[in-house]
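Trainee: Have a look; sequence and predicted model below, questions after that.
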Amino acid sequence: MGWFCVLLSGIAPFLMFKMGHTLMMIFAIIAAVGCFWSWGVMHNYATELAKRRWNYTGGFYDITPEEAQAVPDWITWINMGFTFMGVILLIIGIIMVMRG
């Protein structure tokens, strides 16, 4: 799910650039970078806990649901905030492109 949020947040700056809205594009870039950063931090928390398992293979998605629950709530809220910001900016960008 993490890559999907980053991808959605990454499309918004392109749409804002295409329409010539520089300030909105900067906000969209901040949302995309924040989404990517916070997703990486959440993944690192879960991976550190997964490394303690005897059958950990080192794969990118070798994380159990219990290990994913180890992610602190504060970083989850930050990720959700950046994701919502990115999706809202994406919707605004789509509306601006449709209106021309």
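Mentor: Everything's here; your move.

Trainee: which one's the longest helix in this protein?
Mentor: helix 22-50 (DSSP state H).

Trainee: what distance separates it from the middle of the whole chain?
Mentor: Relative to its chain's centre, helix 22-50 lies at 5 Å (C-alpha atoms, centre = their mean, to the nearest Å).

Trainee: Equivalent analysis for stretch 4-22, please.
Mentor: In terms of C-alpha atoms, centre = their mean, the centre of stretch 4-22 is found 13 Å from the chain centre.

Trainee: Now that stretch: buried residues?
Mentor: Across stretch 4-22, burial judged by 16 or more other C-beta atoms under 10 Å covers 5-6, 8-13, 15-16, 19, 21. From N, CA and C alone the C-beta is placed, and that goes for glycine too.

Trainee: Which strands or helices does the longest helix of the chain pack on?
Mentor: Counting contacts by 3 or more C-beta pairs under 8 Å, 6 or more residues apart in numbering; DSSP states H and E, helix 22-50 packs against helix 2-19, helix 65-68, helix 73-99.

Trainee: Where does pLDDT dip in the protein?
Mentor: In the predicted model of the chain, residues 1 satisfy pLDDT under 70.

Trainee: Geometrically speaking, which residue is the centre of it?
Mentor: Centroid-nearest residue in the chain, with C-alpha atoms, centre = their mean: residue 35, separated by 2.9 Å.

Trainee: My read is that that one contacts residue 86, right?
Mentor: Yes - counting by C-beta atoms under 8 Å, residue 35 does reach residue 86; the two are 5.6 Å apart.

Trainee: got any residues that touch both of these two?
Mentor: Taking C-beta atoms under 8 Å, 6 or more residues apart in numbering as the criterion, residue 35 and residue 86 both touch 5, 9.

Trainee: possible to save the helices and strands packed on helix 22-50 as a markdown table with distance to residue 51?
Mentor: Listed next are the helices and strands packed on helix 22-50 as a markdown table, based on distance: least, C-beta to C-beta, whole Å:
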| stretch | distance to residue 51 |
| --- | --- |
| helix 2-19 | 19 |
| helix 65-68 | 10 |
| helix 73-99 | 18 |
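
Trainee: Out of those, the one nearest residue 49 is which?
Mentor: helix 65-68 (4.5 Å; C-beta to C-beta).
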